[in-house]
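Engineer: Build me a model from this:
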Amino acid sequence: MASKQTDIKILLLSSNQEFLGQITDAVEDRYVLFHAQDLKQALGFEQLSQVALLIADTELLTGEPDPILERLSRRAPGMVQVIAGTANEKPALKKLMSEGKIFRVLSKPCQPGQTRLYIEAAVKEAMQMRGVEHNAEKPPARSWRKPALIGGGIAAVVMSVAFVIPWEGDDAGASVNSPGSGPGAIIEEHFEMARNAMLETRYFEPKNNNAIYYYHQVLMLDPDNVSAQRGIMTAADKVLTQSEQDLIQNRPARAAKALVMVRNVLPDHPRLAFFDSLVGATSPEQRRGHARNAIDAGQYEQAFGLLAEAGSGGSATPPDMEKVVLGGVLEHARIAIANGEISRALDLLDRVKVINSGYSEIAQVEDQLGQKYSTLMSAARTEIDSENFDIAESILKQAEMIPGGSARSIRQARSRISTGQKAMGERVAALATQKVREDRINDRVAALNQEFEASIADNRLLTPRQGNALFFLNEMSKLSPESEAYLVGSLELTDKLLDQMWKELAARKYAAAESFLQQAEKLASDSEKVSTARVDLEMDWAAYQAASVIPATRMTMTNFVAPEYPNRALRREVEGWVDVEFTVTSTGQVSDLEIVAVEKAGYFEKATQAAVSQWQFEPQLFRGTANDQRVSARLQFKPGT
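Structural biologist: Here you go, the predicted model:
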């Protein structure tokens, strides 16, 4: 049994159990398959960034699938996307595929062989995008297993007993081969390509990309395949019906060419003899007559074919007709050159050379081809400079078809394309790495923001350490200072800090209020609101300080005048004290002196007032600004002091 390639992870987004079984069976034991039942579960998958292939069911891609796929792609850069839908959804999905938004469209119900092929192709594409060479391993015996189920962001691998399910052939008749690998899978793919070719009327052409070609590929693997034989017959009938219309519209050359194709495939087709008689009945004179009608209608290429058929039997073409036809064909060649249809122009030019290699107007067309070469090379250089390398390469393919072009110039242009693509690839890889890093940062910021909001809700603004709102906000700032989460959080925390400041201020807890305000000032998220809070805090503090009374011993005195002991008190040997209150102004002077209590009334009041009114102090400062302060003092009067 092949070992599971754990480095290749596939995510299946579907809620349909039958579809889950089909994909699980197709993946086998080769890769790790995870299953998400909805978009939320998929986005929560911890290993989403490691997923190489997404298989998504349109049942879960409600509305426009683009935004959903973009969300998944942002989380998993380089993830290849295969979308499964019904026949009604297939045109819209194929449009997305043509625009390069998805890798493949898987039809539901899933054909086993096609599913395996698409998964292998998508895995190979994913590995190539990562610069890893990938070779598909032959799968083990077909069995049913349950994939890992994503739940709560954690992948839990659910084990189950494997049991063998026999495979039955599909409707296309590939009845003997396993669809997972080998001829069975290839047959299924060829039938799918043949059906597409039939829908697009590619019955015999272009080479190696038409319905007959793909049906023949099936018969090479399974010679008795009835469906392929029937498909070839149907394609031949379609071509013969088209040939009949060509004959009716005087296009015997096209009809004859188609008959040759049918004869090569089905030489015994019952309708060939009838059509051969119709084509053969057209004489050279009739063909030249049809050629004149074509010339009159400006259909020079059709006339060219008719004249060639008429001349195949040795009948000469009138010179006047030849000149008109050759001139008309060369005019069509000029138009093809102007439209960038170089291959068609060269084909028309070759036809004319076969008839008359010395025709005078051939040189003019060749000159036009030379000018077109110069124009194409200039356009290619412009596209290379603009880093439109695919467009530049398609232009070079046209240029290199023109005879006489410089192979060296084309090699140099392709070398520039290769260098440019390499540089672009490196930039894309760098951007992908940067995107992964940004996604990780965004995920971390989102987690920190959740912790921040929880801290705000619990009023854990500044404590505990490493578990408060300010801590989580600072961590967000380190990772992404310009993120919306940080900017919004700064405003929110500022408001909370200012609210807390006002609560502390109302309780006259100025130190605590100052602490909350300082943190708000550091955030600087709303400078006007914070500045207003600072002014209010200082005014409130100043008013509170001015109204409160502190002892004079807490002040620094710059001028002291001792009171004189009154003579009347000395004669009577009276002693006592006087309590006073006064205001030290912002200039350090004493004002608003008031006697609040005395021990011996009538003895010491005047002496006290005379002395204290001359005192001076250093004013009280708050944040460098001098403020008024109410002060109290007791003056003692004792004889001998």
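Engineer: Find the nearest non-adjacent residue to residue 262, please.
Structural biologist: Take residue 262 and drop its neighbours on the chain: the residue closest to it by C-beta to C-beta, 6 or more residues apart in numbering is residue 236, 5.0 Å away. In this view, the C-beta of every residue, glycine as well, is placed from N, C-alpha and C.
Engineer: after the helix or strand where that neighbour lies comes which helix or strand?
Structural biologist: Element membership for residue 236 (DSSP states H and E) is helix 226-248. Elements were assigned by DSSP H and E; along the chain past helix 226-248, the next helix or strand is helix 252-265.
Engineer: From the contact counts, what lies against that next one?
Structural biologist: helix 226-248, helix 272-280, helix 300-311 (3 or more C-beta pairs under 8 Å, 6 or more residues apart in numbering; DSSP states H and E).
Engineer: What's the local residue count around residue 186?
Structural biologist: Neighbours of residue 186 under the rule other C-beta atoms under 10 Å: 19.
Engineer: can I assume it is in contact with residue 214?
Structural biologist: No. Residue 186 is not in contact with residue 214 according to C-beta atoms under 8 Å; the separation is 10.6 Å.
Engineer: For the host helix or strand of residue 126, buried residues please.
Structural biologist: Assigned by DSSP H and E, residue 126 falls within helix 112-129. Residues of helix 112-129 classed as buried by neighbour count (16 or more other C-beta atoms under 10 Å): 112-127, 129.
Engineer: same deal with stretch 607-615?
Structural biologist: Buried residues in stretch 607-615, counted by 16+ other C-beta under 10 Å: 607, 608, 609, 611, 612, 615.
Engineer: likewise stretch 453-460?
Structural biologist: Buried, per 16+ other C-beta under 10 Å, within stretch 453-460: 455, 456, 460.
Engineer: Identify the residues contacting the residue lying closest to the first one once chain neighbours are set aside.
Structural biologist: Taking C-beta to C-beta, 6+ apart as the measure, residue 455 lies nearest to residue 469, with 3.9 Å between them; neighbours along the chain are not counted. Applying C-beta atoms under 8 Å, 6 or more residues apart in numbering to residue 469 gives the contacts 452, 455, 456, 460, 461, 462, 489, 493, 496.
Engineer: can I get the CA coordinates of stretch 579-588 in CSV?
Structural biologist: What follows is stretch 579-588 as a C-alpha-only set of coordinates in CSV (Å, rounded to 0.1, in the frame of the first residue of the first chain):
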residue,chain,number,x,y,z
ASP,A,579,-4.2,79.9,67.3
VAL,A,580,-4.4,81.6,63.9
GLU,A,581,-5.3,80.7,60.3
PHE,A,582,-4.1,82.6,57.3
THR,A,583,-3.6,82.2,53.5
VAL,A,584,-0.2,82.0,51.9
THR,A,585,-0.7,83.5,48.5
SER,A,586,1.0,82.4,45.3
THR,A,587,3.6,85.2,45.9
GLY,A,588,4.4,83.8,49.4
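Engineer: which residues sit against it?
Structural biologist: 546, 549, 555, 558, 590-598, 608-609, 612, 616-620, 626-635.
Engineer: about what we covered before: counting contacts, what elements does the helix holding residue 126 pack onto?
Structural biologist: With contacts taken as 3+ C-beta pairs under 8 Å, 6+ apart, helix 112-129 sits against strand 5-13, helix 17-27, strand 51-57, strand 80-85, strand 104-107, helix 183-199.
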